[in-house]
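next comes the sequence, and after it the predicted model I'd like to discuss.
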Amino acid sequence: MRVEKSILKQVTNTTGISEEDLAIFFQDGEKREYAPNEWLFQESTPRQWAGIILRGEVCLVRGVHGASRCLATMLEGSLISEGAFIEDEAHSNGAFTKDGAIIWQISREKIAAYRETRPELFYRLVSRIAVGINRRMRVLSTQLYQNRQKEIQVMSGFRLEQDSLGHREISDIAYYGVQTQRAMENFAISGILVRDFEHLVNGLAMVKKAAALANHELGMLDVSKTKAICDACDEIRAGKLHEQFTVDMFQGGAGTSTNMNANEVIANRGLELMGRRKGEYQYLHPNDHVNCSQSTNDAYPTAIKLAVLLSNRSLVRAMEALRLSLDQKATEFSDVLKMGRTENQDAVPMTLGQEFGAYAMMIESAIRAIERAAYEFLDINMGATAIGTGINSPPGYANLVTRKLAEVSGFEVRRAKNLVEATQNAGTFVQMSATLKRAAVQISKICNDLRWMSSGPRCGLNEINLPAMQPGSSIMPGKVNPVIPELVNQVCYQVMGYDAVVSMAAEASELELCMAEPIIAYDLLHGMMILKNACVTLTARCISGIEANRDICRGYVEKSIGLVTAMVPIIGYERSAAIAKEALRTGVGVYDLLLERQLVSEKQLDSVLRPENMTDPREIPSS
C-alpha cells in the first residue's frame, strides 16, 4: 500500500515538504490501524516511529496521571510524532484516538537508515519539520500569553549534562540534572511527585546538610563547598526549590532517583550561590560533593524516617484535637440515657456520654501506639553507605553525621546498633504502618457508629443529629447524608490497604537492601497525611456540631426489652423474663408493665432509670 496522493498533498500544504520527498521517504512505511479508545503512544515513552494520519482523528494528550488534558486534535493529513526525525528523547505528550485511526508509519530504524543513505533528502525533511514545530511553539506561546493563567518563566536556553549513559540537554531554568531527567521519563506513573511531600523534601535537605557538616569536619569538603551545600539546604527547608523535586514517588532503584534529584538540585543551587552557573559541576558535583560519604541506601531511608517523624507531629496533633472534641461531647452528653446495643440488638442502658467517652479513649490509645512506633524511627543508618559496611566514608563519619543530623533536625536520632541490619530491615516501617492501620480501624469504627446513631431521621435510630453539610440527593428533596463520616471511612479503608502494601514491600527486602522503599515511603507518608486531614475534617465538620436527641434516646430505653435486665436484682430473673415476653407479645413498654403489675413502685423505677444509677454499680433502692 502507498499513501494516497490526496493525503500527501494535505501534508505538503501544512508542512511545506514536497509530495515527491514525502513519497520517497515514506515508501518503506507500513499501515497501522488503531482501534477506538487506543493509545498510539504514551507520554514519556521512547519515540519509535513518525507517521501520517490517513484516517480518523488523534488527540495529543498531556498528563498520564488521572488529570489528562487534550492539547490539540490532529486530523487526516497531519504528520504525527515527527519529532522522531530530530531527537531520540521520549514523547512529551501522549496520543489517543477516540474513534479509531489509521496511521502510515515509518520506524526509527528506517529513519536512521535514510539519514545515512539519503542525507540530502533526510535533512530537507528535517528542516521543514523544524519549521513546523517552531510554528506550533509560537502558537502555544501566544496562547499562554493570552490566557495569563500562570506566571511565565523566562527561558535562558539549555545546558548539556552528562552521566554514564550519555549526554542530555537540560532546560537552564531547571535545578535538577540529567539523572532526574531520565527518572522523570522512566517513571511517569502516578503524577504524585516527591515535591508533593514537603516533609520528605525537608528530610532530604536535613540529611544533605548534616553530611556536608560532617564531611567538612573530617576534611572531605572545603569551606566554600560546605557553605554552598548548607545554604542551599537551608533554602529548601525554608520552602524554596520544592518544585524542582520532580521524580515520581513510584520509582525503581530503591530511591536512587530521589536521592540524585536532591543531589542535583542542591548542587546547582549551590553553584549559583558560589557565583557559578548551573551544570559547572567541576566546582560542586552532585555525587562527589553533595553525596560525599553517602549512598542512596543510607541517605534515602534516613530522609524517609525524618519525614515520618515530621508527619507524625501533625498527625498526633490532629488526633489529639479529635480526642478532645470527643471528650467534650462525653461531658456534654453525660446525662443522656440511651440504649446500649450488642450485635445490633438491644442490650442494657448506658449514657451517650459513656459512648463518646469510649471513642475518646480509643483515639488516646491509638495516639500512644503511634508515638511508641515513632520512637523506633530515631534509629538511623547514616554512615552505612551501600550495604552497611561504611565503604567510601572516612573513619568516625557514621557517629559524627548522626550527631550533626540531631543538631540539624532537632530529633534525637541515634546510630543504629548494626548498620548492615538497619540497611536491609524495613521492620520499623511495618510497625508504623500497622499502628496507622490500628488507628484507622478505630476511627472508622467510630464513623460507623455515628452513621448508625444518626440514621433516619424518621425511620432510623435518630439518636443524634450530625451537622448538615450538604444536600444528600439529586432526586430526593430534603435528604441529608452523613458525608463526613463516609469520607473518613474511605480514608481509613485506604490506610488499611496501604498497610498490606507496606508489609509486602518490606518482605520483598532481599539480601542487603529493600528495593521497595519508594512505595513504603509513599504509602506511609500519604497515609499519614490523609489520616491527619480526615481527623481535622471529622473534628471540625462533624464531632463539634453533634447534637443529642434526648427524648428519643430515653424513649428507646423505656420501650426496650433490655430495660428489664436492670430489674433482675429487684424482682428476680424469672419475673423479669416473664415481663420481657409479655412486652414482646403485647407491644407494651417494660416500664408500663412493671408499674401495671405493681412489681416495683414508680419511685423505685424512676430511681433505677436515673443515668447515674443505670450506668454504674449501685445500691438497689427500697420500696
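Now that the structure is in, tell me what you want to look at.

what values do phi and psi take at residue 395?
Torsion angles at residue 395 (phi, psi; degrees, to the nearest 10) stand at phi -60, psi 140.

that one: how many residues sit nearby?
Number of residues near residue 395 (other Cβ atoms under 10 Å) recorded here: 9. In this view, the C-beta of every residue, glycine as well, is placed from N, C-alpha and C.

for residue 225, see how far away it is.
Distance of residue 395 to residue 225, given as Cβ to Cβ, to the nearest Å: 21 Å.

next one: residue 55
In this view, residue 55 and residue 225 are 60 Å apart by Cβ to Cβ.

who has more neighbours, those two?
Counted by other Cβ under 10 Å, residue 55 and residue 225 do not tie: residue 225 has more neighbours, with 23 against 16.

I'd say the more buried one and residue 273 touch.
No - contact criterion Cβ atoms under 8 Å: residue 225 and residue 273 do not qualify, at 10.6 Å.

let me see the mean pLDDT of stretch 483-502.
Per-residue pLDDT values over stretch 483-502 give a mean of 97.

contacts for that stretch, please.
Contacting residues not belonging to stretch 483-502 are listed as 429-430, 433-434, 436-437, 439-441, 443-444, 447-448, 450-451, 466-467, 469-470, 472, 519-520, 523-524, 526-527, 530-531, 533-534, 537-538, 541-542 [Cβ atoms under 8 Å, 6 or more residues apart in numbering].

swap in stretch 525-536?
Outside stretch 525-536, the residues touching it (Cβ under 8 Å, 6+ apart) are 192, 197, 199-200, 304, 307-308, 311-312, 314-315, 318-319, 321-322, 433, 436, 439-440, 443, 487-488, 491-492, 494-495, 498.

now which of those would you call buried?
Buried residues within those, counting neighbours by 16 or more other Cβ atoms under 10 Å: 197, 199-200, 304, 307-308, 311-312, 314-315, 318-319, 321-322, 433, 436, 439-440, 443, 487-488, 491-492, 494-495, 498.

dump stretch 319-328 to PDB, restricted to CA.
Written as PDB, here are the backbone C-alpha positions of stretch 319-328 (Å, rounded to 0.1, in the frame of the first residue of the first chain):
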ATOM      1  CA  MET A 319      -5.800  13.100  66.600                       C
ATOM      2  CA  GLU A 320      -5.400  14.900  69.900                       C
ATOM      3  CA  ALA A 321      -7.900  17.500  68.700                       C
ATOM      4  CA  LEU A 322     -10.300  14.800  67.700                       C
ATOM      5  CA  ARG A 323      -9.800  13.100  71.100                       C
ATOM      6  CA  LEU A 324     -10.500  16.400  72.900                       C
ATOM      7  CA  SER A 325     -13.600  17.000  70.900                       C
ATOM      8  CA  LEU A 326     -15.000  13.500  71.600                       C
ATOM      9  CA  ASP A 327     -14.200  14.000  75.300                       C
ATOM     10  CA  GLN A 328     -16.100  17.300  75.300                       C
END
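
one step back: among the buried ones among the contacts of stretch 525-536, which lie within helices?
The helices, defined by DSSP state H, take in 199-200, 304, 307-308, 311-312, 314-315, 318-319, 321-322, 433, 436, 439-440, 443, 487-488, 491-492, 494-495, 498 from the buried ones among the contacts of stretch 525-536.

show me where pLDDT drops low in the protein?
Residues of the chain that meet the criterion pLDDT under 70 lie in 1-3, 63-68, 136-156, 474, 609-623.

need the residue closest to the centroid of it.
The centroid of the chain falls nearest to residue 526 when counting by Cα atoms, centre = their mean (3.6 Å).

how near is it to residue 533?
Using Cβ to Cβ, residue 526 is found at 11 Å from residue 533.

residue contacts, residue 277?
Shown in contact with residue 277 (Cβ under 8 Å, 6+ apart): 159, 271.

brilliant, that's me finished.
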